[in-house]
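Novice: sequence? don't have it. structure:
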């Protein structure tokens, strides 16, 4: 008999999915390619992913009992931080506006891609407007804010006209180089582990369901959202959902106890406390399964469960995910945390 407290998850499959997700640019509002990738990956496992008008994806696994209107949803977001071209400067440099909430110093010096509306891509680098200490005496103290940052294109560009000839214009999307590394000791470091690590965990759940043939008693919906980083990713949800688990990275630092090896269970964030009974059940299941976990409070954090509740969804909600260090910066987690997140989700949905 299969032990759903310790399911035989396909670790290699989960990490392969994570690698392809991290290699696919997907700033909020620019998730077309990655959603096609998810559709194809779901189809390979025998599942169909429906698309909402807004662009979210939903995979539905029918339950084995007639528990109408008692659907459990698991949601993770494919959209990431990024930027949009705000203006082309007279010297051909590009001013940009952030997509998502991050500190400007976390992208200074980063390589990037500019995606034009007609499908072209150009490489560039994010710099401050005073990028050299050999030229600007105030370079070290220059405030890293939007007005003082720009993108240098790796093209023959010396004027606004030169950039415009390349098809570059305001509104073009900018994606950051993820700089992904999978180390043999299990460490994973990359931009955008928030929240592609959780998406990979959900695909670990889908792969386990396909391989095992096991089905939960109640209907399960896996929702992949595309606007979480800007606050409204899961604001709409199907009306049959009564319980929602947002799967998103657990933050590390200050007085928090989560580590990169843990499944983070968030009891409260900026949107308030999560459902007491659901959270208690997740903690109890993690203990019974021997899953390394931590319970924390994130006062500067919001999730797709927050968006659903603020959008008027009449659901109970909880929040878990792999612990991630340096969130919205050069992030790092461990493969154990990603796989164990999938294991805890299976334990919950089968309980």
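Specialist: Cool, the structure landed. Everything numeric here is computed off the predicted structure, so don't read it as measured data.
Novice: what's around residue 227, how many residues?
Specialist: 21 (other C-beta atoms under 10 Å). Placement of C-beta: from N, CA and C, glycine included.
Novice: Also residue 217?
Specialist: Neighbour tally, residue 217, other C-beta under 10 Å: 15.
Novice: separation between it and residue 70?
Specialist: 9 Å (C-beta to C-beta, to the nearest Å).
Novice: now residue 323
Specialist: In terms of C-beta to C-beta, residue 323 sits 31 Å off from residue 70.
Novice: Among the two, which residue is more densely surrounded?
Specialist: With neighbours defined as other C-beta under 10 Å, residue 323 and residue 70 compare such that residue 323 has more, 30 against 15.
Novice: in terms of contact, does the more buried one touch residue 338 like I think?
Specialist: No. In this structure, residue 323 is not within contact of residue 338 by C-beta atoms under 8 Å, at 9.9 Å.
Novice: quick one: stretch 299-317 to chain centroid distance?
Specialist: Relative to its chain's centre, stretch 299-317 lies at 16 Å (C-alpha atoms, centre = their mean, to the nearest Å).
Novice: as a whole number, average confidence for that stretch?
Specialist: Averaging pLDDT along stretch 299-317 yields 95.
Novice: Quick one: end-to-end length of it, please.
Specialist: 17 Å (C-alpha to C-alpha, to the nearest Å).
Novice: which parts of it are buried?
Specialist: 301-309, 313, 315-317 (16 or more other C-beta atoms under 10 Å).
Novice: Check stretch 97-105 too.
Specialist: 98, 99, 100, 102, 104.
Novice: Look up how far residue 132 lies from the residue lying closest to the fourth one once chain neighbours are set aside.
Specialist: It refers to residue 102. With sequence-adjacent residues excluded and distances taken as C-beta to C-beta, 6 or more residues apart in numbering, residue 102 is closest to residue 328, at 4.5 Å. Plainly put, residue 328 is 27 Å away from residue 132 if you go by C-beta to C-beta.
Novice: of the two, who's got more company?
Specialist: For residue 328 versus residue 132, the count of surrounding residues by other C-beta under 10 Å is larger for residue 328: 20 against 9.
Novice: my read: the more buried one touches residue 195, true?
Specialist: No. Residue 328 lies out of contact with residue 195 (C-beta under 8 Å); the separation is 11.2 Å.
Novice: could you pull out the helices for this structure?
Specialist: 11-22, 32-44, 160-165, 193-212, 276-289, 304-310, 335-350 (DSSP state H).
Novice: Show me which residues of the fifth one are buried.
Specialist: Of the residues in helix 276-289, those with enough neighbours to count as buried (16+ other C-beta under 10 Å) are 278, 279, 282, 283, 285, 286, 289.
Novice: quick one, what contacts the closest residue to the fifth one other than its chain neighbours?
Specialist: With C-beta to C-beta, 6+ apart as the criterion, residue 285 has its nearest non-adjacent residue at 4.5 Å, and that residue is residue 347. Listed by C-beta atoms under 8 Å, 6 or more residues apart in numbering, the contact partners of residue 347 are 4, 5, 7, 285, 286, 288, 289, 291.
Novice: Okay, residue 262 and residue 36: tell me how far apart.
Specialist: For residue 262, the distance to residue 36 - C-beta to C-beta - is 33 Å.
Novice: who's more crowded, those two?
Specialist: residue 262 (26 against 13).
Novice: quick one: which of the contacts of residue 347 is nearest residue 44?
Specialist: Nearest to residue 44 among those: residue 7, at 19.7 Å, using C-beta to C-beta.
Novice: ok, now which ones touch that closest one?
Specialist: Counting by C-beta under 8 Å, 6+ apart, residue 7 touches 208, 212, 342, 343, 346, 347.
Novice: Just give me the neighbour total for the fifth one.
Specialist: The number of residues packed around residue 346, counting by other C-beta under 10 Å, is 25.
Novice: what's the closest non-adjacent residue to it?
Specialist: Closest to residue 346 by C-beta to C-beta, 6+ apart is residue 7, at 4.9 Å.
Novice: Let me see the backbone angles for that neighbour.
Specialist: The phi/psi pair for residue 7 (degrees, to the nearest 10) reads phi -70, psi 150.
Novice: gap between it and residue 64?
Specialist: Residue 7 is 17 Å from residue 64, by C-beta to C-beta.
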